[in-house]
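Enquirer: structure, please.
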Amino acid sequence: MVDLEYLAFLENILTENRKERFQQVLAKRTNHFTICMEDIFQLHNTSAVMRSCEVFGIQQLNVIEERYTKSIDKEIAMGAQKWVDVNRFDSISGCISDMKSKGYQIIATTPHEMDCELDDFDISKPSALFFGTERDGLSGEVLQNADGYLKIPMAGFTESLNISVSAAIIIQNLMSRLHKSDINWQLSEKEILEKKLQWAKNTIKDIKRIEARYNAEHTI
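Expert: Numbers count the residues shown, from 1 in each chain. Below you'll find the model as predicted:
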């Protein structure tokens with residue numbers, strides 16, 4: 001439950017432009033789609049995908065760290081780590097189970113005999129889009145548990161794209177189509193309030209001192 005009094009306290013510190021910007025951005029954020037990255041050992045790819053999520057409005061990025069542990073490259077993410085939620089998993093099975101428990105279908109982004117081209121993909125269902133490495137692709141575990149397969153149509157000799165480029169193309173396409181649809185894809189009011197509070201805390205300098213002052217003033 002969001003502490004509305006605390007949120008109001010923090011919002012009084014923010015400028016009107018900042019509060020208005022939060023509202024504008026949150027109006028276009030979604031949890032209808034979420035991105036899952038499987039053991040991406042190249043750090044810049046994880047950071048670049050996070051940036052694409054932030055730019056195009058996907059709120060949740062899930063990072064599987066079964067073999068490789070990642071930290072965000074702030075220069076590439078360009079501050080996106082403040083605005084995107086990063087969920088970390090230490091196993092593929094744990095991530096898949098979590099996605100399914102939240103009502104997502106598992107979509108493997110890889111060429112496959114049963115695949116669907118990007119423009120034909122059904123955007124009506126909440127989907128967790130899984131990306132693998134350029135070198136190895138997605139694991140057999142993801143492919144075996146996938147509810148569907150998605151690919152980017154290509155007209156050249158090259159059969160694959162850099163993972164961050166692939167993610168950007170897919171995210172932009174699906175989000176553009178989602179915005180034009182009548183699907184209920186927006187964040188709930190509760191989710192919006194939670195993000196406002198989190199973003200305010202991420203924005204305000206010396207937030208620990210501010211929180212301590214608030215707690216002192218509200219201690220009975």
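
Enquirer: for residue 201, helix, strand, or coil?
Expert: helix (DSSP: H, G, I helix; E, B strand; the rest coil).

Enquirer: which residue is the nearest non-sequential neighbour of it?
Expert: Among residues not flanking residue 201 along the chain, residue 207 sits closest, at 5.2 Å (C-beta to C-beta, 6 or more residues apart in numbering). In short, each C-beta sits where N, CA and C put it, glycine included.

Enquirer: touching, that neighbour and residue 199? I think so.
Expert: No - contact between residue 207 and residue 199 fails when scored by C-beta atoms under 8 Å: they sit 11.5 Å apart.

Enquirer: buried ones in the top helix by length along the chain?
Expert: In the chain, assigned by DSSP state H, the helix with the most residues is helix 163-179. Residues of helix 163-179 classed as buried by neighbour count (16 or more other C-beta atoms under 10 Å): 163, 164, 165, 166, 167, 168, 170, 171, 173, 174, 175, 178.

Enquirer: now do stretch 47-65
Expert: 47-65.

Enquirer: so which of those residues sit within strands?
Expert: 60, 61, 62, 63, 64 (DSSP state E).

Enquirer: going by distance to residue 86, which of these wins?
Expert: Within those, proximity to residue 86 (C-beta to C-beta) peaks at residue 61, which comes in at 5.2 Å.

Enquirer: tell me the pLDDT of that closest one.
Expert: With respect to pLDDT, residue 61 scores 94.

Enquirer: related to what we said a few turns ago, got TSV for the ones in strands among the buried residues of stretch 47-65, with distance to residue 92 too?
Expert: Listed next are those as TSV, based on distance: C-beta to C-beta, whole Å:
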residue	distance to residue 92
60	17
61	16
62	11
63	12
64	6
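
Enquirer: wait, what's in contact with residue 177?
Expert: residue 123 (C-beta atoms under 8 Å, 6 or more residues apart in numbering).

Enquirer: so which residues of this protein form helices?
Expert: Under DSSP H, the chain gives helices at 4-11, 16-26, 43-56, 74-77, 92-101, 140-145, 163-179, 189-203, 207-217.

Enquirer: what's the closest of these to residue 83?
Expert: helix 43-56 (5.2 Å).

Enquirer: so for that closest one, mean pLDDT?
Expert: Helix 43-56 shows a mean pLDDT of 86.

Enquirer: who are the packing partners of that helix?
Expert: strand 33-38, strand 60-64, helix 74-77, helix 163-179 (3 or more C-beta pairs under 8 Å, 6 or more residues apart in numbering; DSSP states H and E).

Enquirer: ok, the spatially closest residue to residue 19 that is not a sequence neighbour - contacts?
Expert: If the residues on either side of it in the chain are set aside, residue 19 comes closest to residue 11, at 5.9 Å by C-beta to C-beta, 6+ apart. Residues in contact with residue 11 (C-beta under 8 Å, 6+ apart) are 19, 196, 200.

Enquirer: can I get those in a markdown table with distance to residue 26, pLDDT and neighbour count?
Expert: Formatted as a markdown table, the contacts of residue 11 follow (distance: C-beta to C-beta, whole Å; pLDDT from 0 to 100; neighbours: other C-beta atoms under 10 Å):
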| residue | distance to residue 26 | pLDDT | neighbour count |
| --- | --- | --- | --- |
| 19 | 11 | 95 | 14 |
| 196 | 7 | 96 | 19 |
| 200 | 12 | 94 | 21 |
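
Enquirer: please consider this matter closed, and thank you.
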